[in-house]
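Visitor: Below are the sequence and a predicted model for it; my questions follow.
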Amino acid sequence: MTEIGNWTVNDVVAWCAGMHEKIPDYIGFLMDKNNIDGELLVALEDNDLKEIGVTSGLDRKRFLIAVKKAIKNKIIAVRPDPLSQETTLTPTDNENYMNVKQRQQQQQ
């Protein structure tokens with residue numbers, strides 16, 4: 001299990017994909033294109049997002065709010081198989097974990 005500040009670029013992209021209801025899909029592409037890992041993710045500011053191509057002020061605000069919530073809820077990346085590139089994101093507290101699991105099952 002990996003805390004948000006230690007996420008790989010793949011973890012960040014997977015988290016963005018999982019947040020598609022809250023943030024636009026293109027942001028995950030920009031995170032990948034600009035090699036944004038967890039250390040950079042938690043340090044991003046509005047101007048940084050503008051610099052990498054997030055032109056909408058509302059999109060930047062939504063994204064930064066989502067990052068703050070991920071930090072507050074201690075979202076972690078769980079890699080079931082160390083050789084796998086697949087990442088599953090899970091909050092550490094049980095109630096939020098169940099909400100994430102339900103959303104993942106609905107998406108399947």
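Guide: Okay, I see it. Residues are numbered from 1 along each chain as shown.

Visitor: I52: neighbouring residues, count only.
Guide: When neighbours are defined as other Cβ atoms under 10 Å, I52 has 14 of them. Backbone N, C-alpha and C define where each C-beta goes, glycine included.

Visitor: Now for it: which residues touch it?
Guide: Shown in contact with I52 (Cβ atoms under 8 Å, 6 or more residues apart in numbering): 30, 33-34, 36.

Visitor: Against D46, how distant is the residue lying closest to S56 once chain neighbours are set aside?
Guide: Using Cβ to Cβ, 6 or more residues apart in numbering and skipping residues adjacent in sequence, the residue nearest S56 is P24, 7.9 Å away. Using Cβ to Cβ, to the nearest Å, P24 is found at 16 Å from D46.

Visitor: I'd guessed the residue nearest to S56 sits against K61; true?
Guide: No: taking Cβ atoms under 8 Å as the definition, P24 is not a contact partner of K61, at 11.9 Å.

Visitor: Please identify which of these two sits among more neighbours.
Guide: Taking other Cβ under 10 Å, P24 and K61 do not tie; P24 has more neighbours (17 against 13).

Visitor: Give me the phi and psi for the more buried one.
Guide: phi -60, psi 150 (degrees, to the nearest 10).

Visitor: Quick check: pLDDT value at it.
Guide: On pLDDT, P24 comes in at 90.

Visitor: what's it in contact with, if anything?
Guide: Applying Cβ under 8 Å, 6+ apart, we find P24 in contact with 56, 59, 62.

Visitor: Now for the second one: which residues touch it?
Guide: Residues in contact with D59, defined by Cβ under 8 Å, 6+ apart, are 23-24, 27, 49.

Visitor: Check N35 too.
Guide: When contacts are counted by Cβ under 8 Å, 6+ apart, N35 touches V9.

Visitor: again, but for the one 3 residues further on
Guide: Counting by Cβ under 8 Å, 6+ apart, G38 touches 2-8, 11-12.

Visitor: swap the cut-off to 6 Å and go again
Guide: G38 is in contact with 4-7, counting by Cβ atoms under 6 Å, 6 or more residues apart in numbering.
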